[in-house]
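1. Got a predicted model here, sequence first, then my questions.
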Amino acid sequence: MVLPIGALEMEIFIKIVVSTVLGLLIGFERAVHHKPAGMRTHSLVCLGSTLFTIISMNVMGGEPSRIAAGIVTGIGFLGAGIIFRSESKMRGITTAAELWVLAAIGLSVGIGFYFAALVTTLIVIFVLVPMKYVEKEAKEAF
């Protein structure tokens with residue numbers, strides 16, 4: 001039996017796909033540099049935030065603010081688990097910050113703010129890729 005796909009189902013499908021792709025784009029850079037959270041983690045965080053937002057808006061009366069607060073709290077715990085300290089170094093802070101931003105991107109997609117999600121994704125990639133080399137050069141110069 002084939003179920004007809006209505007406008008709501010198509011919108012949900014698009015949001016889920018867009019969210020997953022945006023998460024994969026950011027996660028690709030992390031995977032290339034062998035960081036603790038790669039493409040799968042990034043896409044799942046973004047996807048989960050989107051799905052929670054979709055559910056909140058369609059089942060719980062269209063009030064995404066409560067679920068947004070829960071997402072931010074949950075991602076905080078996930079990020080805290082990634083950060084660790086060894087000797088005089090802190091590791092995982094950038095990854096934790098990325099996951100936090102990914103949750104916001106997923107939330108944006110979930111409420112239909114595609115432009116904000118796309119621009120934020122591009123800015124995150126810009127911060128991660130070229131700024132890494134600028135930061136390295138700055139450290140060597142001083």
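-> Good, I have the coordinates.

2. So which residue is smack in the middle of this protein?
-> L102 (1.6 Å; CA atoms, centre = their mean).

3. is it true that that one touches V45?
-> Yes. Counting by CB atoms under 8 Å, V45 is a contact partner of L102 at 4.6 Å. In this view, the C-beta of every residue, glycine as well, is placed from N, C-alpha and C.

4. which residues are common contacts for the two?
-> Common neighbours of L102 and V45 are listed as 23, 75 (criterion: CB atoms under 8 Å, 6 or more residues apart in numbering).

5. Helix or strand, whichever it is, which one in the chain has the lowest mean pLDDT?
-> Least confident helix or strand of the chain, by mean pLDDT, DSSP states H and E, is strand 84-86 with a mean of 66.

6. Against which helices or strands is the helix ranked longest in the chain packed?
-> Identified as the longest helix of the chain according to DSSP state H is helix 7-32. When contacts are defined as 3 or more CB pairs under 8 Å, 6 or more residues apart in numbering; DSSP states H and E, helix 7-32 packs onto helix 39-59, helix 93-110, helix 114-128.

7. Just the buried residues of the first one, please?
-> What that stands for is helix 39-59. 39, 41-54, 56-57 (16 or more other CB atoms under 10 Å).
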